[in-house]
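A.B. asks: coords below, sequence missing:
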């Protein structure tokens, strides 16, 4: 725990039963929690709503964070079909969320594939699968 100490934060680790941890997570009775998520939909709707819409059962990614402006922007973005308008709304959401959010998200691309330079047309999907249709040797 070198980094928290450099920031003047004392971290006390306490072993707990997984059921207790799950209950604390669901009720928001914890101070710090490491978590992960993967999205099976490559559209910002799902994860954004899960993270900032306080009316959902996710309780804003279990932070119990509330921001009426972000919730309103999220719902507006969900109903907007024009690409430029959606982008503008999600830009606003990201800016407000980054400034005000009680947690931070890290991005990790867990799928690493190595192919020779003679292999053409191979692409890894962010959903974890890849389609070999169109892949060929050069």
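C.D. replies: Done, it's in. Source: prediction; values computed, not measured.

A.B. asks: quick one: what helix or strand has residue 98 in it?
C.D. replies: helix 83-100 (DSSP states H and E).

A.B. asks: contact partners of that helix?
C.D. replies: Here helix 83-100 makes contact (Cβ atoms under 8 Å, 6 or more residues apart in numbering) with 44, 48, 51, 52, 67, 69, 70, 73, 74, 76, 77, 80. C-beta here means a position set from N, CA and C on the backbone, and glycine is covered the same way.

A.B. asks: ok, now stretch 17-29?
C.D. replies: So stretch 17-29 is contacted by 16, 30, 33, 35, 59, 62, 63, 64 (Cβ under 8 Å, 6+ apart).

A.B. asks: circling back: most neighbours among the contacts of helix 83-100, which one is it?
C.D. replies: Of all the contacts of helix 83-100, residue 52 has the most neighbours under the rule other Cβ atoms under 10 Å, reaching 26 neighbours.
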